[in-house]
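> structure, please.
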Amino acid sequence: MLPRPARIFSIILLVAALVGVNVWGCQAKKARILQTRNIKVGIATWAGFGIGFIAKEQGYFRGLNVDLKILDDTNARQNAFRSGELDVRVSSADVFLQERGSGLSGTIFLVTDASFGGDGIIARRGIDSLSQLRGKRIAFARATPSHFLLAIALAAHGLKLRDIKLALVEDPTTAAQALRSGRVDAAVTWEPFLTQLASEHKGKILCTSRDFPVIVDVLVGSSKFLANTAAAEVFCAGWLKAVDFAKANPDSAAAILSRGLKVPVADVSGMLSSLQLADAGRNAYYLGDATTEPAITRILHSASAVWAQDSIPTVTFVPLPSVDLFTNRYLRSDHPAASTSAPTGR
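Residues are numbered from 1 along each chain as shown. As a prediction, this is how the structure comes out:
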């Protein structure tokens, strides 16, 4: 029989070995979860949505196999998510309410960016303020962020959509074309058309999303994807690390986004100049933490009121607040940039 000190030492070694095996086993299990998890993400051609390309190229997704699919057609993207072909899809907070109301499942789990000058209202020469839009013909895409921005801007000046003449178009690009041709008095459009029309002396920019920061882009996850907590946490951490990279290395980031999105670098730089990428701090601001009311609730409430007021067809609204509309459970609270201050600047 071993002396008592030797027996105690042997027991300590055995316990340490068992603990080591257990830790190794947990780590190995987590690694298997991550390495075998294929995540398909449906995005649109927008710099804020392309951050995943940076995360992939820099290896920030740590073992996850993330496949970014560019699906600019909204219906195609929604159908792919509905059928299970996508685990994650992009949307905007306002349109997300319509999607949920029409029966499309999913939960917001990450904010990608906020429009910061990228969208706006421009009017023909002679119209110098939003209050002068009463009775004027305005081109905008119905049930889109353009519609939402217009309603919020008009309300700030005591107007509603019934106080203007509607010129409904397919998208903001078509709205810009309508103003350029003189068919309307004003248009809700986006860059580069805002700057182009102003420089051509075709109109005056009355306001942008800098004045009304209500267009917030988000990632929406399926219940199956979000059930894999380890994968979702790694995905979010990798995405946010890529945002930090983009802010610290704008030229390199623009080059990566150009390759991923298949658009010229100049176009990417233009997109980045008119948005605010959402880092950990801004995600905490929008999605909240243990002590802060999520700012996104105000946007969702405003959007719900706008859509209900303007009777958007085929939409039944989800009552607010609803605990499954968004979550912050996959965000790292120990991230150095995680604060809940309101976003300022780029």
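
> mind listing the helices for the protein?
4-35, 51-58, 74-82, 93-101, 145-155, 172-180, 193-199, 223-227, 229-248, 250-261, 265-273, 280-287, 296-309 (DSSP state H).

> quick one: closest of the ones you listed to Gly42.
In terms of CB to CB, the element of the helices of the chain nearest to Gly42 is helix 74-82, at 4.5 Å. All C-beta spots, glycine's among them, are computed from the backbone N, C-alpha and C.

> in the closest one, which residues are buried?
Thr74, Arg77, Gln78, Ala80, Phe81, Arg82 (16 or more other CB atoms under 10 Å).

> what about Val243, how many neighbours?
As a burial measure, Val243 scores 24 neighbours (other CB atoms under 10 Å).

> isn't it right up against Gly52?
No: in this structure, Val243 is not within contact of Gly52 by CB atoms under 8 Å, at 10.5 Å.

> show me what contacts Asp217?
Trp46, Gly48, Phe49, Val90, Ser91, Ser92, Ala93, Val111, Thr112, Asp113, Ala114, Ser115 (CB atoms under 8 Å, 6 or more residues apart in numbering).

> ok, 6 Å please
For Asp217, the contacting residues are Gly48, Ser92, Thr112, Asp113, by CB atoms under 6 Å, 6 or more residues apart in numbering.

> now swap in Leu68 and tell me
Going by CB under 6 Å, 6+ apart, Leu68 touches Val41, Ile43, Gly52.

> before we move on, back to that, let me know the closest of the contacts of Asp217 to Ala308.
Ser92 (17.5 Å).

> for the record, mean pLDDT for the longest strand seen in the chain?
The longest strand of the chain (DSSP state E) is strand 107-115. For strand 107-115, mean pLDDT is 97.

> show me where pLDDT drops low in the stretch 1-150 of the chain?
1-36 (pLDDT under 70).

> Val184 versus Ile127, what's the distance?
Distance from Ile127 to Val184, counting by CB to CB, to the nearest Å: 11 Å.

> neighbour-wise, which of these two wins?
Val184 (22 against 18).

> you'd agree the more buried one is up against Val169?
No: using CB atoms under 6 Å, Val184 is not in contact with Val169; the gap is 8.9 Å.

> compute the distance between the nearest residue to Val111 once chain neighbours are set aside and Asn228, please.
Ranked by CB to CB, 6 or more residues apart in numbering and with sequence neighbours excluded, the top spatial neighbour of Val111 is Ala278, at 4.1 Å. Shown here: Ala278 relative to Asn228, a distance of 22 Å by CB to CB.

> same question, Ser102
26 Å.

> next: Lys40.
13 Å.

> cool, and Ser274?
From Ser274 over to Asn228 the distance is 34 Å, taken as CB to CB.

> ditto for Lys247
28 Å.

> of those two, which one has the most company?
Comparing Lys247 with Asn228 by neighbour count (other CB under 10 Å), the higher total belongs to Asn228, at 17 against 14.

> what sits closest to the more buried one if chain neighbours are left out?
Nearest one to Asn228, counting by CB to CB, 6+ apart, is Arg37 at 6.2 Å.

> same question for Ala232.
The nearest residue in space to Ala232 (CB to CB, 6+ apart) is Tyr330, at 4.5 Å.

> what's the local residue count around the nearest residue to Asp72 once chain neighbours are set aside?
Nearest residue to Asp72, sequence neighbours excluded (CB to CB, 6+ apart): Ala44, at 5.1 Å. As a burial measure, Ala44 scores 18 neighbours (other CB under 10 Å).

> what's the distance between the closest residue to Asp94 other than its chain neighbours and Leu97?
Excluding its sequence neighbours, the residue lying closest to Asp94 (CB to CB, 6+ apart) is Ala303, at 3.8 Å. As judged by CB to CB, Ala303 and Leu97 stand 5 Å apart.

> ok, residues contacting stretch 50-58?
61, 66, 68, 238-239, 242-243, 245-246, 253, 256-257, 260-261.

> ah, wrong one, I meant stretch 237-247
Contacts to stretch 237-247, defined as CB under 6 Å, 6+ apart, come from residues Ile51, Ile54, Ala55, Tyr60, Phe61, Ala253, Leu277, Asp279, Ala280, Arg332.

> now the two most distant members of the residues you listed.
Based on CB to CB, the longest span within the contacts of stretch 237-247 runs between Ala253 and Arg332 and measures 21.0 Å.

> wait, doesn't the residue nearest to Ala232 sit right on Cys236?
Yes: because the distance of 4.7 Å satisfies CB under 6 Å, Tyr330 is recorded as touching Cys236.

> any idea of the mean pLDDT for stretch 167-182?
96.

> repeat that for stretch 273-282.
Taken as a whole, stretch 273-282 carries a mean pLDDT of 96.

> and that stretch, what's buried?
In stretch 273-282, counting by 16+ other CB under 10 Å, buried: Ser274, Leu275, Gln276, Leu277, Ala278, Asp279, Ala280, Gly281, Arg282.

> and stretch 129-143, end to end?
24 Å (CA to CA, to the nearest Å).
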